[in-house]
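Q: here is the input, now give the coordinates:
(one chain, ligands or ions: 1)
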Amino acid sequence: MSLKCAVQLGLPEAVQAHSGPISLPELISALSLPPAKAPYLHRLLRLVAHSGFLSLHNKLNDVERYSLTPAGQLLLSDNPYNAGSLLLAVLDPVLTEPFHRMSAWFRSENDDDGTTPFSATHGGKMVWEYMAMEPEFATLFNDAMARDSCLIAEVVVKEGRSAFEGVGSLVDVAGGTGNMAKALAKAFPGMSCTVLDLPHVVSGLEDGGNNVKYVAGDMFESIPAADAVLLKVLNVINQLAVPTIRVQTYGHTLCFNQLVNIGSRGDSNTRLPVQTRL
Ligand SMILES: C[S@@+](CC[C@H](N)C(=O)[O-])C[C@H]1O[C@@H](n2cnc3c(N)ncnc32)[C@H](O)[C@@H]1O
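A: As a prediction, the model looks like this:
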């Protein structure tokens, strides 16, 4: 929550904009905060530094100064790999409120009606159902995931290159707005990529060039045929479902435990015999 506050205040940008490490009084002024808040900002800075996002420089003339660490640079809003938007999305009350209900949920005996802490908080709606009906939060969340994909895609392309050799077609299941697929299609021009996601996420998105296309659908109903399936965020599927997919459907993992071989191209659509309960 301290980090969320720092991001909302624009602290990373203010630290970055200063020529050299910045002091508390200089930050108070750069952020246009009331001078009386200085002791509290000092505590916040200490916490953010302790978490590894700021470096605390040796006291020069008894003045503490701060600069961004490499992790802190990821919080800058103009960083293409910005992680601040993901932070703001996951710490939005829409997603944090349900955690306040978890103990009550554990104690309740009506689990078989499918209620989750999220649905108990949000009028009975499951998370993706909620997003389909709340475009403002869905945009915040989808943009955050898209930014995250830029960072992860670069690592995957660099470190996991060999896993894609011989893959002519790939479907990114629950691929969001398609940044991962676009990055893979760019890195492997011979591979055609399909992004499967729910209609409210992909409808209206333009196919990204010759080798990226979007398919609106439900992964629990069918998945377009392809050489390989990419599941970037496994916890989209509940913990019980993941082994089910590996064992019953594909059996063999190709890459960073989220790319799964589904056999030869041209297979008929694959069904996942699982249900999500997020
Ligand atoms: C945590 S996001 C991950 C998005 C993307 N894979 C990424 O890592 O940036 C989970 C995605 O799963 C999608 N999703 C949830 N249930 C789905 C379903 N039944 N069928 C297809 N997509 C689904 C959501 O719309 C959302 O885009």
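
Q: SS state for residue 89?
A: State at residue 89, reduced to three classes by DSSP: H, G, I helix; E, B strand; the rest coil: helix.

Q: right, and it touches residue 136 too?
A: No. The pair residue 89 and residue 136 does not pass the contact test of CB atoms under 8 Å, sitting 11.6 Å apart. Yep, even glycine has a C-beta here, placed from its N, CA and C like the rest.

Q: of the two, who's got more company?
A: Taking neighbours as other CB atoms under 10 Å, residue 89 and residue 136 compare with residue 89 leading, 20 against 8.

Q: how near is residue 182 to the ligand?
A: Distance of residue 182 to the ligand, computed by CB to the nearest ligand atom, to the nearest Å: 11 Å.

Q: counting contacts, what elements does the strand or helix carrying that residue pack onto?
A: Assigned by DSSP states H and E, residue 182 belongs to helix 179-187. Using 3 or more CB pairs under 8 Å, 6 or more residues apart in numbering; DSSP states H and E, the elements in contact with helix 179-187 are helix 135-159, strand 169-173, strand 192-197, strand 212-216, strand 228-230.

Q: so for residue 98, which of those sits nearest?
A: helix 135-159 (13.3 Å; CB to CB).

Q: stretch 167-174 near the ligand anywhere?
A: Yes. Using CB under 6 Å from any ligand atom, stretch 167-174 reaches the ligand at residue 174.

Q: redo the helices and strands packed on helix 179-187 as TSV? Include mean pLDDT and distance to residue 116.
A: Formatted as TSV, the helices and strands packed on helix 179-187 follow (pLDDT from 0 to 100; distance: least, CB to CB, whole Å):
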stretch	mean pLDDT	distance to residue 116
helix 135-159	87	17
strand 169-173	90	22
strand 192-197	94	21
strand 212-216	94	24
strand 228-230	85	26
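
Q: could you check the pLDDT of the residue of the chain most remote from its centre?
A: Distance from the C-alpha centroid of the chain, by CA atoms, centre = their mean, peaks at residue 61 (42.1 Å). Reported pLDDT at residue 61 in the predicted model: 75.

Q: done for today, thanks.
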